[in-house]
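>>> turn this into a structure:
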Amino acid sequence: MSIDNFLYELENSKTLSVETIDFIQTDDEVGRLLVNHFKKNKNRDLALKLLERFSEIRNQPYPNGYDIGIEALMLSAYILGLHQNIEDCLKIWNTKTIDFDTFCGFDIQLVVFAGVTNTIDYLKTLNSNESEDALKYIEECKISGDFNGIEIYFSENQSPWFI
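Numbering: from 1, shown residues only. Predicted structure coming up:
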């Protein structure tokens, strides 16, 4: 499968095939290729669809336990974050909090892609349980130093560990 085939299926199908999910999770180059594609071809709607599809799969695994891994979820969140729309931080937070494993394994740094202060300020303007939970957790992470060196995490010269 190629990146073009994957993007076509993502854009034109209601679900992703098992083969496509396997491609995303086993091909060592797919993350780098997708990130490069979205950096050159900004398409927030498609990036959002990627995060939503992966989150849906995680919420309702395929029969026989077929599932989407945390690294694939983080890749989709990173790609959405490249588009720098602050309102997407809550969508990424919702992905982080799908289940216990995602909460523990999904990097909190992805939620604050637009900057820690900007994200905190934005979340303070919202009035929902999820925004309050995200705000509280992010503020705790900030105090504990989880965001020290965040500029390296989002550096143009370096990719996060899961890509």
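>>> what are the boundaries of the strands in the chain?
For the chain, strands defined by DSSP state E do not occur.
>>> can you tell me how far the most centrally placed residue in it is from Val18?
Taking C-alpha atoms, centre = their mean as the criterion, Ala77 is the residue nearest the geometric centre of the chain, at 1.4 Å. Computed as C-beta to C-beta, to the nearest Å, the Ala77 to Val18 distance reads 22 Å. The C-beta positions use only the backbone N, C-alpha and C, and glycine is treated the same way.
>>> kindly report the same for Asn36.
25 Å.
>>> now do Lys91
Counting by C-beta to C-beta - Lys91 and Val18 are separated by 25 Å.
>>> so which of the two has more stuff around it?
Of the pair Lys91 and Val18, Lys91 is the one with more neighbours under other C-beta atoms under 10 Å, namely 16 against 12.
>>> look up how far Lys124 lies from that one.
In terms of C-beta to C-beta, Lys91 sits 18 Å off from Lys124.
>>> got it, and Ala72?
31 Å.
>>> and those two? which has more neighbours close in?
Ala72 (20 against 11).
>>> wait, what's in contact with the more buried one?
Ile21, Ile24, Gln25, Phe54 (C-beta atoms under 8 Å, 6 or more residues apart in numbering).
>>> farthest-separated two in those?
Spatially, the most separated pair among those is Gln25 and Phe54, at 10.2 Å (C-beta to C-beta).
>>> between those two, which contacts overlap?
Ile68, Ala72.
>>> looking at these two, which one has more neighbours?
Phe54 (24 against 15).
>>> wait, doesn't the more buried one sit right on Ile68?
Yes: shown here, Phe54 and Ile68 form a contact pair, counting by C-beta atoms under 8 Å, at 4.9 Å.
>>> low-confidence stretches in the protein?
The model of the chain has pLDDT under 70 over residues 61-66.
>>> many thanks, I have nothing further to ask.
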